[in-house]
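>>> with the input below, show me the fold.
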Amino acid sequence: MCVKSQPFLLGKYPADYVVNKRKSLKLTTRLGRNIAERRKELALTQERLSELVNVDTETISRFERGVTAPSLATLETLAKQLEMTISELLDEVSPQPIEEAQRISAMMTRLKAKERGFLMALVKLYCDQHG
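Reported below is the predicted structural model:
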């Protein structure tokens with residue numbers, strides 16, 4: 001039996017749409033919260049993150065408020081700039097920073113971007129070999 005492909009539909013009835021819309025809002029709210037928390041942990045402003053991700057500052061604000069969701073490409077860029085995986089960004093509970101990582105982060109704020117990049121490369125190399 002051949003099944004003709006049909007476009008994805010939220011549901012047959014208006015109530016289905018409401019239920020699916022609520023699930024979507026919950027996801028965008030959770031994503032926004034995780035973006036905002038991680039951005040603040042990295043001591044980034046919305047403006048600086050918007051420059052790194054190549055979107056408007058208002059777009060970052062909308063993401064953080066859960067008003068809109070980023071495209072998959074933007075989500076990937078956000079995860080990279082926030083030094084997280086996409087999975088971590090979508091996680092129910094945002095990861096708690098390790099105390100030592102917070103201290104290192106505080107020390108790194110005094111370094112230039114190139115120096116921070118070098119330090120991150122060293123830490124990644126170490127973790128890859130010993131993690």
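
>>> contacts only, for the closest residue to Ile86 other than its chain neighbours.
Of all residues not flanking Ile86 in the chain, Ala79 sits nearest, at 4.8 Å (Cβ to Cβ, 6 or more residues apart in numbering). No exception for glycine: its C-beta is placed from N, CA and C like everyone else's. Applying Cβ atoms under 8 Å, 6 or more residues apart in numbering, we find Ala79 in contact with Thr85, Ile86, Glu88, Leu89.

>>> just the element for Lys40, please.
Per DSSP states H and E, Lys40 falls inside helix 14-41.

>>> for the helix or strand harbouring Lys114, which outside residues touch it?
Lys114 belongs to helix 113-130 when assigned by DSSP H and E. Contact partners of helix 113-130, identified using Cβ under 8 Å, 6+ apart, comprise Glu83, Met108, Leu111.

>>> separation between the residue nearest the centre of the chain and Thr77?
Geometric centre of the chain, nearest residue: Leu89, 4.1 Å, by Cα atoms, centre = their mean. Separation of Leu89 from Thr77 (Cβ to Cβ, to the nearest Å): 11 Å.

>>> for Gln81, grab the count of nearby residues.
If you count neighbours by other Cβ atoms under 10 Å, Gln81 ends up with 18.

>>> over to Thr59?
Counted with other Cβ under 10 Å, the neighbours of Thr59 add up to 18.

>>> can you pull the pLDDT of it?
In this prediction, Thr59 carries a pLDDT score of 97.

>>> quick check: it touching Glu47?
No - using Cβ atoms under 8 Å, Thr59 is not in contact with Glu47; the gap is 11.3 Å.

>>> low-scoring stretches of the protein, by residue?
1-25, 93-97, 131 (pLDDT under 70).

>>> thinking again about what came up before, tell me which residues of the helix holding Lys114 come out buried.
For helix 113-130, the neighbour count (16 or more other Cβ atoms under 10 Å) marks no residue as buried.

>>> same check on stretch 32-50?
Neighbour count says stretch 32-50 has 32, 34-39, 41-42, 44, 46, 49-50 buried, by 16+ other Cβ under 10 Å.

>>> can you tell me the distance between the two ends of that stretch?
The first and last residues of stretch 32-50 sit 14 Å apart, counting by Cα to Cα, to the nearest Å.
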